[in-house]
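Engineer: model the following, please.
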Amino acid sequence: MANKAKIILGIDPGTLVMGYGLILVEGTKASLLKMDVLKLSKYKDHYERLQLIHARVQELIQTHKPVSCAIEAPFFGKNVQSMLKLGRAQGVAIATAMHAGVPVTEYSPKKVKQSITGNGNADKEQIWQMLQRILNFQERPDYLDATDALAVAVCHFFQESSVLPDTSKGKGWEQFLQKHPDRIIG
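Structural biologist: Numbering: from 1, shown residues only. As a prediction, the model looks like this:
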């Protein structure tokens, strides 16, 4: 990873509360820039909520100029209407970032939790406490949706800065063996 400073925007989409977090990455260190929520529950019209999500994501991108956006994938529940609304909220956030030229990566809730705590079933409290240690901050937000969004940004940072080889692109052992055929035994 280059030593040039960059900003990552993390989003925890929601139709009642949308969490967002921004981290500053300098080399191999990340620090907290901002975390907060957009409260949408007082707005009864779903389309007005979507417009507000668009406006906030657009404002965050214009103000902070992130180089990438990480967003949490929807958790699949039993209520189809809720899932459709959540999918729309996520879609608006993704489309806003992409329209601004900011690449978007989606992470499952389990992947985010595992990346932050080592446990894919961690609760919101555990995630918040680990983020405090990782990013060295003390405050506790009123809504843990903010720390969920921050966790998505940190997960993206960890994925980008992984020292492990990416075996999904034919690298790793296969590439090593091709470069070192003398190490193959019998």
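Engineer: tell me the strands in the chain, going along the chain?
Structural biologist: 6-12, 17-26, 29-39, 68-72, 104-107 (DSSP state E).
Engineer: for those strands, give me TSV that also has mean pLDDT and mean neighbour count.
Structural biologist: In this view, the C-beta of every residue, glycine as well, is placed from N, C-alpha and C. Below are the strands of the chain laid out as TSV (pLDDT from 0 to 100; neighbours: other CB atoms under 10 Å):
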stretch	mean pLDDT	mean neighbour count
strand 6-12	97	26
strand 17-26	96	23
strand 29-39	96	18
strand 68-72	97	24
strand 104-107	96	17
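Engineer: what's the closest of those to Gly118?
Structural biologist: strand 104-107 (15.4 Å; CB to CB).
Engineer: which other residues reach that closest one?
Structural biologist: Strand 104-107 has contacts (CB atoms under 8 Å, 6 or more residues apart in numbering) with 68-73, 94, 97-98, 115, 152, 155-156, 159.
Engineer: contacting residues for the residue nearest to the spatial centre of the chain?
Structural biologist: Centroid-nearest residue in the chain, with CA atoms, centre = their mean: Val152, separated by 2.5 Å. By CB under 8 Å, 6+ apart, the contact set of Val152 is 10-12, 21, 70-72, 107, 112.
Engineer: same check on Leu86?
Structural biologist: 13-15, 74.
Engineer: distance of it relative to Gly120?
Structural biologist: Going from Leu86 to Gly120 by CB to CB, to the nearest Å gives 20 Å.
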